[in-house]
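Chemist: Here you go, sequence then predicted model.
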Amino acid sequence: MNDSRSWLGLAALVLLGWLVHQLQPVLMPFLVALLLAYLGDPLVDRLEARGLSRTSGVVAVFILFSLILLALLLVLVPLLGKQLLRLYELAPEMLDWLQGTALPWVQKKLGLRYGFWRFDRIKTLLTEHLGQATDIAGILLAQVTSSSLALLAWLGNLLLIPVVSFYLLRDWDVMIGHLRNLLPRKREEWVVRLAGECHEVLGAFLRGQLLVMLALALVYAGGLMLVGLELGLLIGLLAGLASIVPYMGFVVGIVAALVAVLFQFGLDWYPLLGVVVVFGIGQLLEGMWLTPLLVGDRIGLHPVAVIFAILAGGQLFGFTGVLLALPVAAVIMVLLRHVHEFYKLSTLYGESGGDSQESSESP
């Protein structure tokens with residue numbers, strides 16, 4: 001009987017994975033809405049505790065999220081657009097600087113033979129692609145006009161996100177209560193405790209780690225702009241996003257910033273020192289204040305596991321898999337801890353220890 005239940009559970013998991021893969025385009029707005037509802041539920045609960053109704057609290061949280069999104073669209077997006085255009089303008093000059101200054105210096109210091117880099121071929125290929133990129137607006141317009149149904153479907157999914165988020169957020173506690181009532185009575189306490197651990201891990205990641213990434217992006221971008229780096233905002237935001245993997249944001253950001261400083265200022269020590277100071281302050285803030293305060297030690301995901309989860313999720317389910325990768329990996333880590341505890345308490349583990357002890361005592 002237990003074997004049949006195990007096989008049924010395994011078949012249900014396989015079926016669920018197949019359904020997620022097949023329904024991937026449809027699931028994306030619902031997953032984003034679920035993520036927004038999960039992030040907004042604590043705020044609504046706090047507003048309810050202060051006397052607001054559930055619906056009024058949801059409306060207030062929606063207004064807050066809308067203002068944040070509007071601020072990003074009005075302030076951040078135009079600045080990023082200007083920096084991307086500036087990067088596009090500087091790309092040929094940066095290639096010339098690499099070919100004429102940086103790479104010959106490295107080649108001389110390392111004793112490499114002449115023509116080792118084959119940089120002329122790389123430059124030719126990149127210049128051709130940059131030339132083709134000038135017609136990107138026309139290409140996008142042609143694609144939009146030729147696939148208007150796909151554009152309408154994309155816009156429909158985008159408009160569906162706030163609607164689904166509103167209803168999920170309004171009925172969040174009711175849905176959680178219904179799910180709890182469906183649990184087997186004998187297993188309810190264990191399942192609720194396990195769900196609580198998963199909720200703690202997910203909350204630490206989704207709220208804590210995202211806030212850490214945002215704070216680091218602000219520190220890096222603001223610091224690099226104060227140093228005078230033209231692409232400071234772009235590099236700072238990139239470093240903040242890469243901070244989803246521990247130390248990757250620091251490595252990616254400081255390497256990109258140092259290259260940009262060398263190109264813009266040459267061997268001037270003050271900008272180079274400024275970049276080092278900015279990223280040093282960012283690391284000190286992350287290690288001593290941001291991560292202990294906002295995340296703590298509750299996630300328990302190794303950096304290699306984070307990288308593998310993101311790549312595997314994107315490979316299997318595309319953008320939907322990227323959204324699901326780290327939350328699912330965090331839950332799997334919680335489940336694996338319990339599996340490890342069950343294994344340590346099982347007869348299999350005890351018999352292995354007893355057999356090895358008997359074999360060692362036997363003459």
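Modeler: It's in.

Chemist: C-alpha only now, for contacts and for neighbours.
Modeler: Noted.

Chemist: Report the buried residues of stretch 191-209.
Modeler: 194, 197-206, 208-209 (16 or more other Cα atoms under 10 Å).

Chemist: In JSON lines, list those residues along with secondary structure, distance to A217 and pLDDT.
Modeler: Listed next are the buried residues of stretch 191-209 as JSON lines, based on DSSP: H, G, I helix; E, B strand; the rest coil; distance: Cα to Cα, whole Å; pLDDT from 0 to 100:
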{"residue": "L194", "secondary structure": "helix", "distance to A217": "34", "pLDDT": "83"}
{"residue": "E197", "secondary structure": "helix", "distance to A217": "29", "pLDDT": "81"}
{"residue": "C198", "secondary structure": "helix", "distance to A217": "27", "pLDDT": "80"}
{"residue": "H199", "secondary structure": "helix", "distance to A217": "26", "pLDDT": "80"}
{"residue": "E200", "secondary structure": "helix", "distance to A217": "25", "pLDDT": "78"}
{"residue": "V201", "secondary structure": "helix", "distance to A217": "23", "pLDDT": "77"}
{"residue": "L202", "secondary structure": "helix", "distance to A217": "21", "pLDDT": "77"}
{"residue": "G203", "secondary structure": "helix", "distance to A217": "20", "pLDDT": "75"}
{"residue": "A204", "secondary structure": "helix", "distance to A217": "19", "pLDDT": "71"}
{"residue": "F205", "secondary structure": "helix", "distance to A217": "17", "pLDDT": "73"}
{"residue": "L206", "secondary structure": "helix", "distance to A217": "16", "pLDDT": "74"}
{"residue": "G208", "secondary structure": "helix", "distance to A217": "14", "pLDDT": "78"}
{"residue": "Q209", "secondary structure": "helix", "distance to A217": "12", "pLDDT": "78"}
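
Chemist: if we take those residues, which one ends up nearest to W269?
Modeler: Q209 (33.6 Å; Cα to Cα).

Chemist: Wait, that closest one touches L293, no?
Modeler: No. Using Cα atoms under 8 Å, Q209 is not in contact with L293, being 10.5 Å away.

Chemist: Now tell me which helix or strand of this protein has the poorest mean pLDDT.
Modeler: Lowest on mean pLDDT, DSSP states H and E among the helices and strands of the chain sits helix 136-146, with a mean of 50.

Chemist: Which elements pack onto the helix or strand following it?
Modeler: Tracing the chain past helix 136-146, the next element assigned as helix or strand by DSSP states H and E is helix 148-170. Judged by 3 or more Cα pairs under 8 Å, 6 or more residues apart in numbering; DSSP states H and E, helix 148-170 is in contact with helix 24-49, helix 54-71.

Chemist: quick one: the last one to helix 148-170, angle?
Modeler: Between the axes of helix 54-71 and helix 148-170, defined by axes from the mean of the first three to the mean of the last three Cα atoms, to 10 degrees, the angle is 140 degrees.

Chemist: in helix 54-71, what counts as buried?
Modeler: Buried, per 16+ other Cα under 10 Å, within helix 54-71: R54, T55, G57, V58, V59, A60, V61, F62.

Chemist: Many thanks, I have nothing further to ask.
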